[in-house]
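Student: sequence unknown, structure follows:
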């Protein structure tokens with residue numbers, strides 16, 4: 001037993017010595033800051049986002065200004081015959097109220113919600129993702145409704161995910177939202193076994209979240 005303890009102590013001593021000796025790094029000039037993802041010089045950041053977003057199954061609606069956005073949203077609500085529209089964000093609620101769009105603000109009868117109209121923290125061009133937080137959207141509204149309608153502005157567009165997180169830090173400082181997430185296309189799952197052995201798993205849209213995402217993209221870079 002004494003020999004076992006002595007051997008153990010010898011090993012621990014060698015480990016402590018090894019940890020105290022700092023070896024010289026073989027790679028001292030690694031750039032951890034530069035973007036490793038390339039983007040075509042022929043594409044604008046907005047074009048990159050729209051391309052990725054639509055490839056993932058998102059529906060994109062260009063709006064020249066806020067009034068154009070409201071007109072097109074009214075047309076969509078009337079066409080889809082949505083009666084139970086939910087909105088959480090106060091700024092968005094005011095916009096809908098001023099436009100005469102009937103909507104629900106509380107959490108009562110949330111199971112009846114057909115569509116949620118939301119804002120976002122930022123849009124990620126490289127991945128076609130929408131960055132949302134519990135401050136603007138609540139925890140439930142980004143996953144519960146079958147259809148998500150986002151009203152966004154071109155000025156909210158950033159290049160990459162790290163830039164989106166910087167937006168959160170700049171906006172909230174140390175009061176980081178209790179939840180934030182990236183929505184990258186409608187919810188889907190490929191974990192459903194295939195009917196024929198050997199085939200790829202089934203891709204089920206809306207399996208664990210919203211089935212549709214519609215993005216009203218307000219071009220606030222325009223000067224009319």
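Tutor: Alright, I've got the coordinates. Because the structure is predicted, anything quoted here is derived from the model rather than measured.
Student: quick one: pLDDT of the nearest residue to residue 120 once chain neighbours are set aside?
Tutor: Distances taken as Cβ to Cβ, 6 or more residues apart in numbering place residue 130 nearest to residue 120, at 4.9 Å, with adjacent residues excluded. For every residue, glycine as well, the C-beta is placed using N, CA and C. On pLDDT, residue 130 comes in at 95.
Student: same question, residue 47
Tutor: Reported pLDDT for residue 47: 93.
Student: Next up, the contacts around it.
Tutor: With Cβ atoms under 8 Å, 6 or more residues apart in numbering as the criterion, no residue contacts residue 47.
Student: Assumed it was part of a helix.
Tutor: Yes. Assessed by DSSP: H, G, I helix; E, B strand; the rest coil, residue 47 belongs to a helix.
Student: gap between it and residue 54?
Tutor: 11 Å (Cβ to Cβ, to the nearest Å).
Student: From residue 122, how far off is the residue nearest to residue 120?
Tutor: Relative to residue 122, and taking Cβ to Cβ, residue 130 is found at 8 Å.
Student: These two: which has the busier surroundings?
Tutor: Higher neighbour count among residue 130 and residue 122: residue 130, with 29 against 24, using other Cβ atoms under 10 Å.
Student: so the more buried one touches residue 182, yeah?
Tutor: Yes. Using Cβ atoms under 8 Å, residue 130 is in contact with residue 182, at 7.1 Å.
Student: what touches both of those two?
Tutor: Common neighbours of residue 130 and residue 182 (Cβ under 8 Å, 6+ apart) are residue 124.
Student: Quick one: the strands in this structure, in order.
Tutor: 59-63, 85-87, 115-118, 122-124, 129-133, 147-153, 157-158, 180-183, 188-192, 202-205, 212-218 (DSSP state E).
Student: most tightly surrounded among the ones you listed?
Tutor: strand 115-118 (a mean of 26; mean count of other Cβ atoms under 10 Å).
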